[in-house]
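In: this one's structure only:
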């Protein structure tokens, strides 16, 4: 019997690596992306392309307008995305944190997983190079998994669901090394918070800086295309 997994795929470096790891583990993968009002749609285009390259069973894009609640530089254009020196001055949880985003995304993925009778949901959250987001911590992943098994028909009937966060304890350098081992072509991924619609990165935001440093630590050139 085939193993099924729902993979949350943003189109970025981390989630693409998580998808590659799920494929290596033998899962039939179903990818899910969210158009939630984020600044750049380039990542959604990347997710579609990556899903085709990895020959996933099905890719869906969920429309979910989080601009209505705002509270983040990624969904409220009146809040600037911090760049370079501003990043060093920001508090522990930066303004690029989207309130409850991973909770909402995982909840919708949970519904699809139950319909598909999938045993795993893969998510590319990371607690090492994670920018201070509270919903990228191991405690959050464990708590959501516990809730998922309480709140679903599958869980009640003893079909345990696993929230797989294989990157949770890895540095960006380690994530890149693992992806390269698995044959990931990172030129197709988009990590920038402010990327243009055709995928050109700003080179100044927190996500760009973390990604670039990871490739530098690998003694490699980041294949990102910049504005």
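Out: That came through, no problem. These numbers were taken from a predicted model, which means no experiment stands behind them.
In: now residue 114: how far from residue 156?
Out: From residue 114 over to residue 156 the distance is 11 Å, taken as Cβ to Cβ, to the nearest Å. (Each C-beta comes from the backbone N, C-alpha and C, glycine too.)
In: residue 216 now?
Out: The spacing between residue 216 and residue 156, counted by Cβ to Cβ, is 48 Å.
In: so between those two, which is more surrounded?
Out: Using other Cβ atoms under 10 Å, the more surrounded residue of residue 216 and residue 156 is residue 216, with 13 against 10.
In: give the contact list for that one.
Out: Residue 216 makes contact with residue 222, according to Cβ atoms under 8 Å, 6 or more residues apart in numbering.
In: what helix or strand is it on?
Out: helix 206-217 (DSSP states H and E).
In: buried set for that helix?
Out: Across helix 206-217, burial judged by 16 or more other Cβ atoms under 10 Å covers 206, 207, 208, 209, 210, 211, 212, 214, 215.
In: am I right that residue 46 sits in a strand?
Out: No - Residue 46 is assigned helix when assessed by DSSP: H, G, I helix; E, B strand; the rest coil, not a strand.
In: so what pLDDT did the residue in the chain sticking out farthest from the centre get?
Out: Within the chain, the residue lying farthest from the chain centre (Cα atoms, centre = their mean) is residue 157, at 29.4 Å. Residue 157 is assigned a pLDDT of 93 by the prediction.
In: from the chain's centre, how far out does the helix holding residue 216 sit?
Out: In terms of Cα atoms, centre = their mean, to the nearest Å, the centre of helix 206-217 is found 16 Å from the chain centre.
In: check stretch 19-36 too.
Out: Worked out by Cα atoms, centre = their mean, stretch 19-36 lies 11 Å from the chain centre.
In: now do the same end-to-end measure for it.
Out: Stretch 19-36 has an end-to-end distance of 21 Å (criterion: Cα to Cα, to the nearest Å).
In: follow-up on the earlier one: for the residue farthest from the centre of the chain, what are phi and psi?
Out: As for residue 157, its main-chain torsions (degrees, to the nearest 10) stand at phi -90, psi 10.
In: please report how far it lies from residue 3.
Out: Counting by Cβ to Cβ - residue 157 and residue 3 are separated by 18 Å.
In: same deal with residue 151?
Out: 22 Å.
In: just checking, what packs against the longest strand along the chain?
Out: Looking across the chain with DSSP state E, the single longest strand is strand 27-35. Counting contacts by 3 or more Cβ pairs under 8 Å, 6 or more residues apart in numbering; DSSP states H and E, strand 27-35 packs against strand 3-8, helix 13-24, helix 42-53, strand 58-63, helix 101-116, strand 120-122.
In: indicate which one of those is closest to residue 169.
Out: Residue 169 lies closest to helix 13-24 among those, at 12.9 Å (Cβ to Cβ).
In: so what touches that closest one?
Out: Outside helix 13-24, the residues within contact range by Cβ under 8 Å, 6+ apart are 5, 7-9, 29, 31, 47, 50, 54, 56, 120, 122-126, 164-167, 172, 175-176, 178-179, 182-184, 186, 188-189, 191, 211, 214.
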